[in-house]
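In: next come a sequence and a model predicted from it.
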Amino acid sequence: QADDSGAADGEPQGDGGADDGGADGATARRRAARFMPPEAMPRFVRDELLSPKRRRPYVLITTPHRSRHPIVDVNVWAERLGDVADLIVVGSGRGTRALCVAAPPRFDVFAGWIRLYRTGLSAKSRSEDHPHYAITDAAAALHAIDEIDRLLHVDAPAPGPVALATVERVGQDGLVLTADGKPYRVRREGLRRHKIDLPRDAFRPGQQVDFRPRGAGRDGVEEAEFMWRGPRRWERLHGLLAVNDVVRARVVAAPPKSPLRGLHVELLPGCVSAVPLHEIPPEVQGRPDLALPGRVVLVRIAGMPPAPRPPELSMFELPSLRQPTMQLSLFADGPLFLDDGGGTAAPGAGGTAAAAPDAEKARLEEALRAARAELAAVRADQALQRRQFDLLHDLHTRSERNVEQHEARVRSQERQQRRQATRPAPRAPDEPVRIVDGSDEVAVERLLLHAIQHESTVRSTSDQRREVPPLPFGLGRQFVSRVRELAEIAEGSVVGACAEVVLQRAELDLARQVEPLRDGAGDRPQRLRGADSAKAWRCVLQPGAAAALRLHWWRLPDGGIEFASVSRADDLTIPE
């Protein structure tokens, strides 16, 4: 695919340009196409395309593969559309992939195709309400432009009130109505919204119908919308039929996601049921043209479940005359569904004169069957091509997403490689410094301070530290050397005792025997340091041990702690 990310060089972006307005020299703004880059597509879909506040339709045209230019002159078309709709141009490749990811399923467009996004688009909308057109050459593009212009100018005027009209003519392309001597046109596309594919199945000249004026089309003919009147189709079907009635039905293709299994037939326009395979006689199942869409068959009503469930059908016990016992119409004053003119030919007087019409009728019936078979074959081929297109579309969508994922993975790996290339080589970790055998006293002191801080954090929670804040602490000049002189003491004991003093828990533990350090035994006063009047304290370093060692520290006037030394029980000295 092409990897077009925006407009070609020199193409305008958004509204641009100005034309000379008239004799007075005034200029008027001229509408131009908007070229949507891939990086702006997610925001465009979210904030504009799916916005419930959008008031104008969007016509989105894509560029063909390996091309940066649409197949039509978009600025001329945008000026032709005027204020009726906005024209958006997206490049095939990155742009269409971004649209496929951001838009709801089955609402994307690519490869030069064109799509009309009406207002009110959401994830629950039907894709057929927002038509798209396959563009293979300039002729197909012009046909799509004319069709989109017609739809836009029909949808633009506000609808009028519902009125009553008479069907003047029924054609392949729709209806011609007459109301108060004024003709109106109902197009076939509008009837398909009511599941009426062929106008002759539901309408006849002289029939009274409700309609709503839609305004004048581009050719000046008034457009109209058919309005349903009377009971719904399933209610009418259940109100007319009874068990063992034999009616005509038309074979149709199985609707997508239909729970019914068997030969799908249409009893009225939009009323589809199915004849199970076990209800079809073996000689009928062997006919190659049985399942051709458009073929008319007779079916018998085998059961009538409550509406709106479809009736149960069978092809056994049909009348020998091969004529229906019940004929239906979608509307009370409409034509009979699948009526062939009815009746058997009256016997002729001369034989030859009667034989000629019979032969002509047989020839026409044979030609009609051949035409129906050819039409069914074309429809079957079209359905096959549609399935193939859907499969290719799914494969295309998956491949586009895989390309995006692979590109993102490659970019991530490239970034990781660049970071690894600029990252310095890791150095070997430093050997741990122990208090007992460390040769660098500065490193040993730093390690001991860190160990006490870490142990005080481990032994308390954040709530406890907020309630009783830990005391600031430091180490005296001879503390490390005094600890190293007593090689038999474990480092963990020193760190644990210091942490309890910092957390103000040592005096609460009777086994620690926290007491003031005095100059001698008896009631002598507590020792004070002459430099700052700090008070000397001691506690048991290893509770429960014989001849337990003592931890000595100074309590500073500002509340801090300075650990001075570790001594034996009978040593009452403390370094100042």
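Out: Okay, I see it.
In: can you count the residues close to Asp558?
Out: Close neighbours of Asp558, defined as other Cβ atoms under 10 Å, add up to 9. Where C-beta positions appear, they are placed from N, C-alpha and C, glycine not excepted.
In: also Cys100?
Out: By other Cβ under 10 Å, the residues close to Cys100 number 20.
In: show me the shaky parts of the stretch 401-550 of the chain.
Out: 425-439, 487-488, 521-522, 546-547 (pLDDT under 70).
In: 50 instead?
Out: 431-433 (pLDDT under 50).
In: so where do the helices sit in it?
Out: Ranges of helices in the stretch 401-550 of the chain, per DSSP state H, counting those that start in this stretch, are 441-458, 462-467, 479-485, 491-502.
In: any chance of these in a markdown table, with mean neighbour count too?
Out: What follows is those, written out as a markdown table (neighbours: other Cβ atoms under 10 Å):
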| stretch | mean neighbour count |
| --- | --- |
| helix 441-458 | 16 |
| helix 462-467 | 10 |
| helix 479-485 | 18 |
| helix 491-502 | 20 |
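In: of all those helices, which one is nearest Ser258?
Out: helix 462-467 (64.1 Å; Cβ to Cβ).
In: now find how far off-centre the closest one is within its chain.
Out: 49 Å (Cα atoms, centre = their mean, to the nearest Å).
In: one more: stretch 138-149?
Out: 30 Å.
In: mind putting the helices of the stretch 401-550 of the chain into a markdown table with distance to Leu318?
Out: As requested, those are exported to a markdown table (distance: least, Cβ to Cβ, whole Å):
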| stretch | distance to Leu318 |
| --- | --- |
| helix 441-458 | 91 |
| helix 462-467 | 87 |
| helix 479-485 | 111 |
| helix 491-502 | 99 |
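In: of all those, which lies closest to Val221?
Out: helix 462-467 (81.3 Å).
In: so what does the closest one touch, helix or strand wise?
Out: Applying 3 or more Cβ pairs under 8 Å, 6 or more residues apart in numbering; DSSP states H and E, one finds that helix 462-467 contacts no other helix or strand.
In: now do the strands in the stretch 201-350 of the chain.
Out: Here the stretch 201-350 of the chain has its strands, by DSSP state E, counting those that start in this stretch, at 208-216, 222-227, 246-251, 263-268, 271-275, 296-303, 312-314.
In: closest to Pro52 out of the helices of the stretch 401-550 of the chain?
Out: Of these, nearest to Pro52 by Cβ to Cβ is helix 462-467, at 49.0 Å.
In: how about the CA coordinates for that closest one, as PDB?
Out: Written as PDB, here are the backbone C-alpha positions of helix 462-467 (Å, rounded to 0.1, in the frame of the first residue of the first chain):
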ATOM      1  CA  SER A 462       5.200   5.300  59.600                       C
ATOM      2  CA  ASP A 463       2.300   5.900  62.100                       C
ATOM      3  CA  GLN A 464       4.700   5.100  65.000                       C
ATOM      4  CA  ARG A 465       7.300   7.400  63.600                       C
ATOM      5  CA  ARG A 466       4.700  10.200  63.300                       C
ATOM      6  CA  GLU A 467       3.600   9.600  66.900                       C
END
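In: which residues touch it?
Out: Residues from elsewhere that reach helix 462-467, judged by Cβ atoms under 8 Å, 6 or more residues apart in numbering: none at all.
In: what's the spacing between the closest residue in space to Ala202 that isn't next to it in sequence and Arg56?
Out: Distances taken as Cβ to Cβ, 6 or more residues apart in numbering place Leu330 nearest to Ala202, at 4.3 Å, with adjacent residues excluded. Separation of Leu330 from Arg56 (Cβ to Cβ, to the nearest Å): 36 Å.
In: ok, these two, which is more surrounded?
Out: Neighbours per residue, other Cβ under 10 Å: of Leu330 and Arg56, the larger number sits with Leu330, 22 against 14.
In: contacting residues for that one?
Out: Per Cβ under 8 Å, 6+ apart, neighbours of Leu330: Ile196, Asp201, Ala202, Arg233, Arg236, Leu268, Pro269, Phe337.
In: how many neighbours does the third one have?
Out: Which is Ala202. For Ala202, the count of nearby residues is 26 (other Cβ under 10 Å).
In: quick check: the gap between it and Glu407.
Out: Distance, Ala202 to Glu407, by Cβ to Cβ: 53 Å.
In: cool, the fourth one as well?
Out: Distance, Arg233 to Glu407, by Cβ to Cβ: 51 Å.
In: quick one, which of these two is more surrounded?
Out: More crowded of Arg233 and Glu407, by other Cβ under 10 Å: Arg233, with 21 against 11.
In: wait, what's in contact with that one?
Out: Counting by Cβ under 8 Å, 6+ apart, Arg233 makes contact with Lys195, Leu268, Pro269, Gly270, Cys271, Leu330.
In: so which helix or strand takes in the first one?
Out: Using DSSP states H and E, Lys195 sits in no helix or strand.
In: pretty sure Val176 sits in a strand.
Out: Yes - counting by DSSP: H, G, I helix; E, B strand; the rest coil, Val176 is found in a strand.
In: pretty sure it contacts Tyr184?
Out: Yes - look at Val176 against Tyr184 with Cβ atoms under 8 Å: they come within range, at 7.4 Å.
In: do a quick rundown of the helices in the stretch 51-200 of the chain.
Out: Counting by DSSP H, counting those that start in this stretch, the stretch 51-200 of the chain has helices at residues 74-81, 94-102, 138-155, 188-192.
In: how far does the first one sit from the chain's center?
Out: Yep, that's helix 74-81 we're talking about. Helix 74-81 sits 31 Å away from the centroid of its parent chain (Cα atoms, centre = their mean).
In: going forward, count from 11.
Out: Shifting the count to begin at 11 puts that one at helix 84-91.
In: give me the angle between that helix and helix 148-165.
Out: 30 degrees (axes from the mean of the first three to the mean of the last three Cα atoms, to 10 degrees).
In: for helix 84-91, buried residues please.
Out: Residues of helix 84-91 classed as buried: Val84, Asn85, Trp87, Ala88, Glu89, Leu91 (neighbour count, 16 or more other Cβ atoms under 10 Å).
In: sorry, back to before: most neighbours, which of the contacts of Leu340?
Out: Counting neighbours by other Cβ under 10 Å, the top entry in the contacts of Leu340 is Ala212, with 26 neighbours.
In: can you give me the pLDDT of that residue?
Out: Predicted confidence (pLDDT) for Ala212: 92.
In: can you tell me the centre-most residue of this protein?
Out: Pro114 (4.9 Å; Cα atoms, centre = their mean).
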